[in-house]
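> Task: produce atomic coordinates for the following.
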Amino acid sequence: MTRVVQIVPELRTGSGVEAVAYHLEQEWAKLGVDTSHFTLADAGGGWLPEAGTGLGGKLTLATRVVWFSTVGTIRARRMMTRQPEGTVIICHNDALAGDVYVNHGITAEAMKARGNRFARMVRNPLHLFVWVRDALRFAAGTHQVVVNLSGSEEEALRRSYPSIRSRTVIIGNGVDTDRYRPDPDSRAATRASLGIDPGADVGVFVGHEYSRKGLPQILEAMTGLPDFVLLVVGGSTDMMEHAKAEAASLGVADRVRFLGQQPDPRPYFHASDVFVFPSAYESYGLVILEALACGVPVVATAVGCVPDVLTEGVNGAIVAPGGESVREGIRRCLAGDRQAQAQAARETAEDHSWTALAREYLELFDSLRGGSR
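Numbers count the residues shown, from 1 in each chain. You can find the predicted model right below:
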């Protein structure tokens, strides 16, 4: 194998699929691998704007997904024919092309986790489109190998698409342990800027889908944690207004700081004693590794990477869905040895560096039949 090409709508830092592709490309380049990418712009979709909020944002997102799934598939397959012998193509999203497909999430499973799966699927035509597209992807054996990010996600894939013909493997996600690390100075400065007492018990939630990722359960949990302060990072204006009303109805509004979308979540990890993330569904949950890398223990439901990276009482707490269980998980973390938990959290993240993950992928590529397409 002499070359790697990634198919992904965009590459960029931050979080999400685009960041995974970005970090892998950076690490492969450091290892001397010839690497490039095929993006939405290469598929002729550069005219499409970023998906925003509201109805317009949803329509833009749907257009981007459909374009990259259809036109992107055609153009990506043409691109593949022009690659030199030994090139491995890895697809991260939408397009039905490539030797390796990285499963970053299963729509049907996400809908199932939130309840009323069929109603949710029918209400949003994009969900139906993605389900049908991926049913074709897996039934046709489009890819030699499908990479699942966790053991639970592999089980979910086979449950949702029992006719899958591709070989499957498990390779998790990584975290930038240089960028995400403990920072006592940032902790003090961020708390001061937010008017939070240096000795207060502070939790943080980071996510753009409040309902699916469990913010309502955290607000409910806070009714039994009278001294607990919560920082909420992410979400649209409409989502924040709804959540503020919910917090007010529960009598916890004065202890919740809605910070909106932030370009950098690190100061809020640093300011916190615990990261709370009772999500209903995650294909992996990269934000969990980011919190651990910052030395912040995690309270989370057993979804995505949680069973693989969290150890009860060591670097966090694994909880069941629901406000009462989340409350008890937060209490257990706050009552434990905080310095030991912070150290264990950091050590866990260090075992999931992007360098290690990049090497795992290279080993997989070398195992492909003939070492290439």
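> From what I see, Arg257 and Val233 are in contact.
No - between Arg257 and Val233 there is no contact under CB atoms under 8 Å: 9.3 Å. C-beta here means a position set from N, CA and C on the backbone, and glycine is covered the same way.
> Where do the helices of the stretch 51-200 of the chain begin and end?
Applying DSSP state H, counting those that start in this stretch to the stretch 51-200 of the chain gives helices spanning 54-81, 107-114, 117-123, 125-139, 151-160, 184-194.
> I'd like to know which of those helices lies nearest to Ala300.
When these are compared by CB to CB, helix 151-160 sits nearest Ala300, at 12.8 Å.
> by contact count, what packs against that closest one?
In this structure, helix 151-160 packs against helix 107-114, strand 145-148, strand 167-170, helix 306-309, with contacts taken as 3 or more CB pairs under 8 Å, 6 or more residues apart in numbering; DSSP states H and E.
> Could you tell me the angle between it and helix 107-114?
110 degrees (axes from the mean of the first three to the mean of the last three CA atoms, to 10 degrees).
> what does helix 151-160 rub up against?
Helix 151-160 is contacted from outside by 103, 106, 108-109, 138, 146, 148, 164, 168, 170, 283-284, 302-304, 307-308, using CB atoms under 8 Å, 6 or more residues apart in numbering.
> Got a quick PyMOL command for the buried subset of those?
Remark: buried members of the contacts of helix 151-160, expressed as a PyMOL selection using 16 or more other CB atoms under 10 Å:
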select buried, resi 103+106+108+109+138+146+148+164+168+283+284+303+304
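> who's in contact with Ala358?
His23, Leu24, Glu27, Trp28, Leu31, Gly174.
> go again using 6 Å as the cut-off
Leu24, Glu27, Trp28 (CB atoms under 6 Å, 6 or more residues apart in numbering).
> Now rank these by neighbours and give me the top one.
Sorting the contacts of Ala358 by how many neighbours each has (other CB atoms under 10 Å) puts Leu24 first, at 27 neighbours.
> Not counting its neighbours along the chain, what's nearest it?
Closest residue to Leu24 apart from its sequence neighbours, by CB to CB, 6 or more residues apart in numbering: Ala358 at 5.6 Å.
> Could you check how far the one you found is from Glu282?
With distances taken as CB to CB, to the nearest Å, Ala358 is found 22 Å from Glu282.
> likewise Pro182?
Note on Pro182: its distance to Glu282, by CB to CB, is 24 Å.
> Likewise for Val5?
27 Å.
> These two: which is more packed in?
Between Val5 and Glu282, counted using other CB under 10 Å, Glu282 has the larger neighbour count: 26 against 21.
> and Trp67, what does it touch?
Gly45.
> thinking again about what came up before, more crowded one of Arg257 and Val233?
The neighbour comparison of Arg257 against Val233 (other CB under 10 Å) goes to Val233, with 21 against 17.
> For the more buried one, give me its contacts.
Val206, Leu259, Gln262, Pro265, Tyr268.
> Backbone torsions only: list them for it.
According to degrees, to the nearest 10, the main-chain angles of Val233 amount to phi -110, psi 130.
> Cys294 now?
phi -80, psi 0.
> number of nearby residues for it?
Residues lying near Cys294 (other CB under 10 Å) number 30.
> of all the helices of the stretch 51-200 of the chain, which gets the most neighbours per residue?
helix 107-114 (a mean of 20; mean count of other CB atoms under 10 Å).
> got the angle between it and helix 125-139?
Using the same axes, to 10 degrees, helix 107-114 lies at 130 degrees relative to helix 125-139.
> Remind me which helix or strand the closest residue to Val314 other than its chain neighbours belongs to.
Among residues not flanking Val314 along the chain, Ala344 sits closest, at 4.9 Å (CB to CB, 6+ apart). Using DSSP states H and E, Ala344 maps to helix 338-350.
> For stretch 320-337, list every residue counted as buried.
Using 16+ other CB under 10 Å as the test for burial, stretch 320-337 gives Gly323, Ser325, Val326, Arg327, Glu328, Gly329, Ile330, Arg331, Arg332, Cys333, Leu334, Gly336.
> Turn those into a markdown table, including pLDDT.
Shown next, in a markdown table, are those (pLDDT from 0 to 100):
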| residue | pLDDT |
| --- | --- |
| Gly323 | 97 |
| Ser325 | 98 |
| Val326 | 98 |
| Arg327 | 98 |
| Glu328 | 98 |
| Gly329 | 98 |
| Ile330 | 98 |
| Arg331 | 98 |
| Arg332 | 98 |
| Cys333 | 97 |
| Leu334 | 97 |
| Gly336 | 95 |
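> Just send the residues you listed back as JSON lines, with secondary structure too.
Formatted as JSON lines, the buried residues of stretch 320-337 follow (DSSP: H, G, I helix; E, B strand; the rest coil):
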{"residue": "Gly323", "secondary structure": "helix"}
{"residue": "Ser325", "secondary structure": "helix"}
{"residue": "Val326", "secondary structure": "helix"}
{"residue": "Arg327", "secondary structure": "helix"}
{"residue": "Glu328", "secondary structure": "helix"}
{"residue": "Gly329", "secondary structure": "helix"}
{"residue": "Ile330", "secondary structure": "helix"}
{"residue": "Arg331", "secondary structure": "helix"}
{"residue": "Arg332", "secondary structure": "helix"}
{"residue": "Cys333", "secondary structure": "helix"}
{"residue": "Leu334", "secondary structure": "helix"}
{"residue": "Gly336", "secondary structure": "coil"}
